[in-house]
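Participant: what follows is a predicted structure for the sequence shown.
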Amino acid sequence: MTSTRQHGDDWDLASSVGATATMAAMARAIATRTDRRLVDDPFAAPLVRAVGIDLLTRLATGELPSGELVDRTAIDGAKVRTLFYDEFFLEATGAGVTQVVILASGLDSRAYRLPWPAGTVVYEVDQPRVVEFKTRTLAELGAEPTADRRVVAVDLRDDWVAALRSAGFDPARPTAWSAEGLLGYLPPEAQDRLLDTVTALSAPGSRVATESRPNSRPGAENQTKERLNGISELWREHGFDTDMAKLRYFGERNEAAPYLTGLGWTLTAAGTGELLAAHGLPPLEDDDLRMGDLRYVSGTK
Ligand code: SAM
């Protein structure tokens, strides 16, 4: 059973917060298998298989139909999220940014699948066991990075700047930063510190992309927890012992978009509903997970 989050806790891709990276890759694997016109991540399914959580492997490969185990909105949500960040990076590098930092890279394979312009350096930052696993597994699969990929194995609640700089990061050059699927797994003050640090390290012309969620309306947080408990229970019945409501930090926090604006970033935002419509996908139905509240924000400094 998953224990509650603690200061300094750590994980691999089969445990605690690490498993959420495997879940995200599973959703990309399902999206790739069922809707390749939108998402084509050929590394998602092999990475999930390598992690070895049987239920997630069977869902990723299609051996087990997603059905009620992974609802349609979760898969469509993964599609628009993947496309949002892919487009963000392609636009940034197309405009001449050659330094990219993917915060909380998990099993994201962008460093191996996007057509990065020559000379692009991509830093992938995540917990040590996460980045080491991905590097090793993709090498065993014969995959080659499509950029100069550098891994930074560090906890993002700690001082991660020294580790990033010793991997070669140059704060004098404009950077494209992403924090995808990360902020809710950080305590509120660590989120603020992370956004402050990103800003301090951003030369003029830098770009940032993340998700921003307003604080819950009264009662909505319990609804989300109940939904997460429902999914966890269903998955436990299928042999995967997780407790998703315990992995996130609930409660009040600064909303990322206004916080970044206050730090001097000029942002644009799109809601999940808008992105679904823009890609010809059906609207959200039941939304206990409050995906409709989520705004995908990106901008420049
Ligand atoms: N961005 C990836 C994606 O969208 O597929 C992974 C998202 S997954 C939901 C959350 C990721 O955040 C995990 O890979 C986890 O290891 C990472 N993460 C969360 N808290 C972290 C921390 N304190 N330090 C380093 N990585 C962290």
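Facilitator: Noted; the coordinates are in hand.
Participant: which helix or strand contains Val208?
Facilitator: strand 207-212 (DSSP states H and E).
Participant: for that strand, which positions count as buried?
Facilitator: Neighbour counts over strand 207-212 (16 or more other C-beta atoms under 10 Å) mark Arg207, Val208, Ala209, Thr210, Glu211, Ser212 as buried. Any C-beta I mention is one placed from the backbone N, CA and C, and that applies to glycine too.
Participant: strands of this structure, start to end?
Facilitator: For the chain, the strands defined by DSSP state E occupy 99-103, 121-126, 148-153, 175-179, 207-212, 266-271, 295-300.
Participant: up against the ligand, what does the stretch 51-200 of the chain have?
Facilitator: By C-beta under 6 Å from any ligand atom, the part of the stretch 51-200 of the chain that sits against the ligand consists of 104-108, 126-127, 130, 155-157, 180-182, 185-186.
Participant: just these: which has the poorest pLDDT?
Facilitator: The pLDDT minimum for these sits at Arg157, where the score is 92.
Participant: give me the distance between Lys225 and Asp41.
Facilitator: 29 Å (C-beta to C-beta, to the nearest Å).
Participant: apart from its neighbours in sequence, what residue is nearest the residue in the stretch 1-150 of the chain positioned nearest to the ligand?
Facilitator: Proximity to the ligand, evaluated over the stretch 1-150 of the chain using C-beta to the nearest ligand atom, is greatest for Gly106 at 2.6 Å. Leaving aside its sequence neighbours, Gly106 sits nearest to Ala21 (C-beta to C-beta, 6 or more residues apart in numbering; 3.0 Å).
Participant: OK, contacts around that neighbour?
Facilitator: Leu13, Ala104, Gly106, Leu107, Asp126, Val130, Gly181 (C-beta atoms under 8 Å, 6 or more residues apart in numbering).
Participant: burial count for the residue nearest to Arg49 when sequence neighbours are not counted?
Facilitator: Spatially, and ignoring its direct neighbours in sequence, Arg49 is nearest to Thr57 (4.9 Å; C-beta to C-beta, 6+ apart). When neighbours are counted by other C-beta atoms under 10 Å, Thr57 registers 20.
Participant: got the confidence number for the residue nearest to Gly106?
Facilitator: Ala21 carries a pLDDT value of 97.
Participant: list the contacts of Leu103.
Facilitator: Val125, Leu156, Trp177, Ser178, Ala179, Glu180, Leu182, Leu194, Val198.
Participant: now for the spatially closest residue to Gln191 that is not a sequence neighbour, how many residues are close by?
Facilitator: Leaving aside its sequence neighbours, Gln191 sits nearest to Leu183 (C-beta to C-beta, 6+ apart; 5.1 Å). Counted with other C-beta under 10 Å, the neighbours of Leu183 add up to 24.
Participant: Leu183 against Thr210, yeah?
Facilitator: Yes. At 6.5 Å, Leu183 counts as touching Thr210 under the criterion of C-beta atoms under 8 Å.
Participant: which neighbours do those two have in common?
Facilitator: Ala256.
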